[in-house]
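> predicted model follows, preceded by the sequence.
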Amino acid sequence: MKRPKRAYLDSMVFIFGRLEECNSKLVLFLALLGEFEVIVSELVVEEVERFFRENFSREAGYLAKRFVETLSVKIVRRSEIRKEMNEFRGLIKDKDLENVAAVKHEKIDYLVAYDNDYVEAGVKEYITPKNFVKLFGLKPYDVEY
């Protein structure tokens, strides 16, 4: 497999990547180094901000949101992906619908996440953080996320 130029990062990559020594942290490190471009949707920005606000503080939520916004070269707006959301509705759980719609809309080869729902829905772009890190020739942590 080739090194990706762009990848869509699920909210859990940002959450685990900031909290634990894991493959998600390596994914964020690669992104910070400019090894690939990060694409997210409004959903990812909202979920990351909400997680850190509810579990830490309002300031932590704000800083986490700014981190996602700064690292991302594009934040896909819901208004851009209405057609794709309607197309994939019912094929994937609602909580993952916006992510899949954004990936399809932007024609991104990799949706980096740790969520078996993507496997069950047959999302071909899905890749775990562990397998994504391997694309760059790095030795991954034992955990998938």
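Ah, there it is.
> residues contacting Val27?
Ala7, Leu9, Val13, Gly17, Val112, Pro129, Phe132, Val133 (CB atoms under 8 Å, 6 or more residues apart in numbering). For glycine as for every other residue, the C-beta is placed from the backbone atoms N, C-alpha and C.
> measure the last one to Val100 for me?
In other words, Val133. To Val100, Val133 is 22 Å away according to CB to CB, to the nearest Å.
> so between those two, which is more surrounded?
Between Val133 and Val100, Val100 has the larger neighbour count (other CB atoms under 10 Å), namely 27 against 23.
> please name every helix or strand in contact with the helix or strand where Val68 lies.
In the assignment (DSSP states H and E), Val68 maps to helix 58-71. Counting contacts by 3 or more CB pairs under 8 Å, 6 or more residues apart in numbering; DSSP states H and E, helix 58-71 is packed against helix 11-19, helix 23-32, helix 42-55.
> hmm, 10 Å instead?
Judged by 3 or more CB pairs under 10 Å, 6 or more residues apart in numbering; DSSP states H and E, helix 58-71 is in contact with helix 11-19, helix 23-32, strand 37-41, helix 42-55.
> and these, which is most packed in?
Of all those, strand 37-41 has the most neighbours on average by mean count of other CB atoms under 10 Å, namely a mean of 23.
> can you say which of the helices and strands packed on helix 58-71 is nearest to Asn116?
helix 11-19 (12.2 Å; CB to CB).
> what angle sits between that closest one and strand 37-41?
Put simply, helix 11-19 runs at 120 degrees to strand 37-41, going by axes from the mean of the first three to the mean of the last three CA atoms, to 10 degrees.
> quick one, helix 11-19 and helix 58-71 angle?
Relative orientation of helix 11-19 and helix 58-71, computed by the same axes, to 10 degrees: 110 degrees.
> how far does helix 11-19 sit from the chain's center?
Distance of helix 11-19 from its chain centroid, counting by CA atoms, centre = their mean, to the nearest Å, is 9 Å.
> now swap in stretch 52-63 and tell me
Distance of stretch 52-63 from the chain centroid (CA atoms, centre = their mean) equals 19 Å.
> identify the residues contacting it?
Phe14, Ile15, Arg18, Leu19, Val48, Glu49, Arg50, Phe51, Ala64, Lys65, Phe67 (CB atoms under 10 Å, 6 or more residues apart in numbering).
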